[in-house]
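Output the structure for:
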Amino acid sequence: MDPEEIARLLKQQGEAFDTFKKSHDEQLAELEKKGGVDPVLTERLGKVEAALDTAVEAKSQIEAGLAAERKEREALEMRINREGIKGSPESAKRELELKDFNHALSANAKSRNRTFEPLDGAGYDAYRKAQDHYLREGKENLSADEVKTLSVGSDPDGGYFVTPDVTGRIVTKVYESSPVRQIASQQAITTDALEGIEDTGEAGAGYAGEHAQGSDSTTPQVGKWRISVFWIDTEPKATQQLLDDSAVNIEAWLGGKVADKFARFETNEFITGAAGKILGLAAGYTFAADSGSGVTWGQVGYVASGASADFATSNAADKLYDLVGVLKNEYLTNARWLTRRSVITKVRKFKDGTGNYLWQPSFVAGVSETIMGYPVARAEDMPALGANSYSLAFGDFAQAYQIVDRQGIRTLRDPFTSKPYVKFYTTKRVGGGVVNFEAYKVMKFAAS
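This next block holds a predicted model:
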């Protein structure tokens, strides 16, 4: 984005925050003086908050884009150096893209005991050209050579004659638009599940002497976690005339449409998913009250807000401190808040003992708004405020939550079922679940 546009948004946010503080302080003063608030002042404060939200969310979108670009650039530079690739950044990126494409196809062939011949640069160009022809006109209009080329990237057991792989472009865009992906851990696999070890115990220790062994013989306990992947799909569509006449990159258009739908669907599941599906941070597990001593492994600890569907009427900010206080120190370094706009709107009015607002906007591009000094990730998929809702979470989500992607996104062109539109039936397999239950806590909006 243009630096001048970034500066404009930051200035707009700062002005909105100053206006908010002035209006809110006027409201508090009037409440203390008259025991009530002028409706006109309340309406004005609402408009100010709406403007502030708009400014903060616009900045958050910039931050997401900058973070994704920076992460992609850093990862690219690291791979180029690690693999000793020479040449310009463009040629190096292309070489890595080809290697990743061949790696995915090789893993797919190996899992099905099939042979695979890697594509060279010319073969990869031919694949992309044939793919564009397939998306525009369908398999019936492909030449024999194009069918052969596309079949290299297809899944023989998928039931489709030609199913081009569009993984790279879509996954990148999903990452940019899915807030949970930006804060959680991600892993691509070639099987139907990812498994790992749970280290849930500690070895014992005790005093020993020169000629005497210690008496503690405690053996640490370990367990295993497993995250399965599930099929999700979408069907963006375009008219045949657009496909015939458009000079735009159809693959890029398709990638954007699919990524947007996948991102919105999976982000909701990463937060609100339940048993038998992707497990969610705020709904997929058993929740137990946590006073700071921890809860049973496999449960998520919570702190009550003090009132049903809201914060307590007095000393509401104390509950935020309580929530931070039950998280172990080792997770605080990378901890952040995960919540929705309606909760931030309430927290924005909270002050500490010295009169400073707990919520603070950021005036630096790439740096998030904060609550009590910890960054905030906005996700409207978090539960709405209601009785016993878990609408606010806090922790190190990179350690807490694991996202699993099954390599390969496939697209089937369907010109028949929705004439005059052509539908692109696109599928992927993804899973998610908590792997470290002590790495995050939630707030339960209830009296206890």
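
now for the helix or strand residue 44 falls within, which elements pack on it?
In the assignment (DSSP states H and E), residue 44 maps to helix 39-83. Other elements packing on helix 39-83 under the criterion 3 or more Cβ pairs under 8 Å, 6 or more residues apart in numbering; DSSP states H and E are helix 3-34, helix 89-111, helix 167-177, helix 179-183, helix 341-347. The C-beta positions use only the backbone N, C-alpha and C, and glycine is treated the same way.

buried stuff in stretch 402-412?
Using 16 or more other Cβ atoms under 10 Å as the test for burial, stretch 402-412 gives 402-412.

pretty sure residue 138 contacts residue 416?
No: using Cβ atoms under 8 Å, residue 138 makes no contact with residue 416, being 9.9 Å away.

which of these two has more neighbours?
Neighbour tally, residue 138 and residue 416, criterion other Cβ atoms under 10 Å: the higher count belongs to residue 138, 17 against 9.

May I have the residues that are in contact with the nearest residue to the more buried one once chain neighbours are set aside?
Nearest in space to residue 138, with sequence neighbours left out and distances taken as Cβ to Cβ, 6 or more residues apart in numbering, is residue 413 at 5.3 Å. The contact partners of residue 413, by Cβ atoms under 8 Å, 6 or more residues apart in numbering, come to 134-135, 138-139, 422-425.

quick check, residue 413 in a helix?
No: secondary structure of residue 413 (DSSP: H, G, I helix; E, B strand; the rest coil): strand, not part of a helix.

what pLDDT does it get?
Looking at residue 413, its pLDDT is 86.

repeat for residue 158
If you check residue 158, the pLDDT there is 40.

Flag the shaky bits of the stretch 51-200 of the chain, pLDDT-wise.
By pLDDT under 70, the weakly predicted segments of the stretch 51-200 of the chain are 63-65, 67-68, 108, 111-112, 152-173, 175-177, 199-200.

Just to check, residue 37 is in contact with residue 24?
No: counting by Cβ under 8 Å, residue 37 sits too far from residue 24 to count as a contact (10.7 Å).

And those two? Which one has more around it.
residue 24 (18 against 15).

Return the set of buried residues in stretch 378-394.
Buried residues in stretch 378-394 (16+ other Cβ under 10 Å): 378-379, 381-383, 385, 389-394.

I'd like those residues written out as JSON lines, with pLDDT and secondary structure added.
Below are the buried residues of stretch 378-394 laid out as JSON lines (pLDDT from 0 to 100; DSSP: H, G, I helix; E, B strand; the rest coil):
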{"residue": "378", "pLDDT": "91", "secondary structure": "strand"}
{"residue": "379", "pLDDT": "91", "secondary structure": "coil"}
{"residue": "381", "pLDDT": "93", "secondary structure": "coil"}
{"residue": "382", "pLDDT": "95", "secondary structure": "coil"}
{"residue": "383", "pLDDT": "95", "secondary structure": "coil"}
{"residue": "385", "pLDDT": "96", "secondary structure": "coil"}
{"residue": "389", "pLDDT": "97", "secondary structure": "strand"}
{"residue": "390", "pLDDT": "97", "secondary structure": "strand"}
{"residue": "391", "pLDDT": "97", "secondary structure": "strand"}
{"residue": "392", "pLDDT": "97", "secondary structure": "strand"}
{"residue": "393", "pLDDT": "98", "secondary structure": "strand"}
{"residue": "394", "pLDDT": "98", "secondary structure": "strand"}
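
ok, now how distant is the residue nearest to residue 138 from residue 128?
As judged by Cβ to Cβ, to the nearest Å, residue 413 and residue 128 stand 16 Å apart.

now residue 417
Distance of residue 417 to residue 128, given as Cβ to Cβ: 27 Å.

between those two, who's got more neighbours?
residue 128 (15 against 11).

Spit out the contact partners of that one.
Here residue 128 is in contact with residue 251 (Cβ under 8 Å, 6+ apart).

in the stretch 251-400 of the chain, which spans are helices?
317-325, 329-332, 341-347, 397-400 (DSSP state H, counting those that start in this stretch).

buried residues in the second one?
Read it as helix 329-332. Within helix 329-332, the residues scored as buried using 16+ other Cβ under 10 Å are residue 331.

what distance separates it from the centre of its chain?
21 Å (Cα atoms, centre = their mean, to the nearest Å).

List the contacts of that helix.
Taking Cβ under 8 Å, 6+ apart as the rule, helix 329-332 contacts 324, 395-396, 399, 438-440.

Start from the N-terminal end of the stretch 101-250 of the chain and give the helices.
Secondary structure of the stretch 101-250 of the chain by DSSP H, counting those that start in this stretch: the helices cover 121-137, 144-151, 167-177, 179-183, 240-245, 250-272.

Nearest approach to residue 333 belongs to which of the ones you listed?
helix 179-183 (13.9 Å; Cβ to Cβ).

The helices of the stretch 251-400 of the chain: which one's closest to residue 74?
Taking Cβ to Cβ, helix 397-400 is the member of the helices of the stretch 251-400 of the chain nearest to residue 74, at 16.0 Å.

which helices and strands does the closest one pack with?
If you count contacts as 3+ Cβ pairs under 8 Å, 6+ apart, helix 397-400 packs onto helix 179-183.

Let's see the helix it packs on as PDB, backbone CA atoms only.
C-alpha atoms of helix 179-183 as PDB (Å, rounded to 0.1, in the frame of the first residue of the first chain):
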ATOM      1  CA  PRO A 179      -7.200 -14.400  11.300                       C
ATOM      2  CA  VAL A 180      -6.800 -17.700  13.100                       C
ATOM      3  CA  ARG A 181      -4.200 -18.900  10.500                       C
ATOM      4  CA  GLN A 182      -2.200 -15.800  11.300                       C
ATOM      5  CA  ILE A 183      -1.800 -16.700  15.000                       C
END
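
picking up where we left off before, need the helices and strands packed on helix 39-83 in a markdown table (columns: distance to residue 355).
Below are those laid out as a markdown table (distance: least, Cβ to Cβ, whole Å):
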| stretch | distance to residue 355 |
| --- | --- |
| helix 3-34 | 9 |
| helix 89-111 | 50 |
| helix 167-177 | 38 |
| helix 179-183 | 31 |
| helix 341-347 | 16 |
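
ok, so of the buried residues of stretch 378-394, who is nearest residue 352?
Nearest member of the buried residues of stretch 378-394 to residue 352, counting by Cβ to Cβ, is residue 394, at 16.9 Å.

For that closest one, give the beta-bridge partners.
Beta-bridge pairing for residue 394 (DSSP bridges): residue 337, residue 441.

Please apply the same query to residue 237.
Under the criterion used here (DSSP bridges), residue 237 is bridged to residue 423.

Could you check the pLDDT of it?
pLDDT at residue 237 comes out at 90.

next one: the one 5 residues further on
Residue 242 carries a pLDDT value of 84.

got the contact list for it?
Residue 242 neighbours (Cβ under 8 Å, 6+ apart): none.

do residue 77 as well
If you count contacts by Cβ under 8 Å, 6+ apart, residue 77 has none.
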